[in-house]
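Peer 1: coordinates only, sequence not included:
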């Protein structure tokens, strides 16, 4: 009987004491084979909790694998595809951070985890879309610098009442910018009973159409607890697999069918298998950078859930 690719991966994983972490936006077959599926903060915590694992295969994009490597210096962290880079993370450079710090001396800098390690090393604390509001509220400051997602910065400012200055001025997620309010209005005409939930990386206009705004993990929790039977979803299409798996009796409709992150989708089952078999591509962060970035990540993880 022919051995399936999934079976080969399971065998290798056991032999090498590896765990597979997959973001909610990954392909269904990768989510199904993963040990843990979640958002960036959930997966960061899981990577640290797995004391016996020697290898972490991170099916996501570059900044998440970097964060895992920073928080787990004694484990080997693999990214199945080196091309899996987050476009938004590339938008914020160290030079831009230094320029804004000089313009706003003494103002704390909060960076979304969707940044490269070199940027994280420059900030006071990191956040995710799930805990951004709590992180900003924890700071004893009325004004904060925040990068790189402008839409999340605006969302946090509305929720906290603080002045949140985005850096760069127009940082964004290309996939979430595809969602437009008119698409929701059309879908609501077809499904008037539907509950709308969107990610805070969507525009403020898109957020205004929503009944619920939250991270991918918060969406999954909300969908389980909400009595609604139909949901219009404003985030990358990969989350639909988990939502439908967790809630088979409910209907989930993507607010825009073209909302696919090509970078997340570069991780395939074949590439994951090769990555684990050949132990590549190993993600490393220079120790001086890792040391500073680790402080910002650990400070975030210390914020009460």
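Peer 2: Alright, I've got the coordinates. If you're wondering where the values come from, they're calculated on a predicted model, not measured in any experiment. Numbers count the residues shown, from 1 in each chain.

Peer 1: out of everything not next to it in sequence, what's closest to residue 205?
Peer 2: residue 181 (5.2 Å; CB to CB, 6 or more residues apart in numbering). Bear in mind the C-beta positions are built from the backbone N, C-alpha and C, glycine included.

Peer 1: wouldn't the one you found be in contact with residue 208 here?
Peer 2: Yes: at 7.3 Å, residue 181 and residue 208 qualify as touching, with contact defined as CB atoms under 8 Å.

Peer 1: of those two, which one has the most company?
Peer 2: Taking other CB atoms under 10 Å, residue 181 and residue 208 do not tie; residue 181 has more neighbours (17 against 12).

Peer 1: which ones are touching the more buried one?
Peer 2: By CB atoms under 8 Å, 6 or more residues apart in numbering, residue 181 lies in contact with 205, 206, 208, 209.

Peer 1: isn't the second one up against residue 234?
Peer 2: Yes: between residue 206 and residue 234 there is a contact under CB under 8 Å: 6.1 Å.

Peer 1: so where do the strands sit in this protein?
Peer 2: 18-23, 36-38, 55-59, 76-78, 109-112, 125-127, 143-147, 163-166, 195-198, 212-213, 230-234, 251-254 (DSSP state E).

Peer 1: make CSV from those and add distance to residue 97 and mean pLDDT to it.
Peer 2: Below are the strands of the chain laid out as CSV (distance: least, CB to CB, whole Å; pLDDT from 0 to 100):
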stretch, distance to residue 97, mean pLDDT
strand 18-23, 25, 96
strand 36-38, 28, 95
strand 55-59, 25, 96
strand 76-78, 24, 96
strand 109-112, 7, 98
strand 125-127, 13, 97
strand 143-147, 7, 98
strand 163-166, 12, 98
strand 195-198, 28, 98
strand 212-213, 27, 98
strand 230-234, 29, 98
strand 251-254, 34, 98
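
Peer 1: to residue 293, which of the ones you listed lies closest?
Peer 2: Smallest distance to residue 293 across these (CB to CB): 8.1 Å, for strand 125-127.

Peer 1: flag every buried residue along that closest one.
Peer 2: Judged by neighbour count (16 or more other CB atoms under 10 Å), strand 125-127 contains these buried residues: 125, 126, 127.

Peer 1: what bridges to the first one?
Peer 2: Assessed by DSSP bridges, residue 125 has beta-bridge partners residue 110.

Peer 1: distance of it from residue 116?
Peer 2: For residue 125, the distance to residue 116 equals 16 Å [CB to CB, to the nearest Å].

Peer 1: got the angle for the worst-scoring helix or strand of the chain on mean pLDDT vs strand 55-59?
Peer 2: Using mean pLDDT, DSSP states H and E, helix 40-49 stands out as the lowest-scoring helix or strand of the chain, at a mean of 82. Per axes from the mean of the first three to the mean of the last three CA atoms, to 10 degrees, the angle that helix 40-49 makes with strand 55-59 is 170 degrees.
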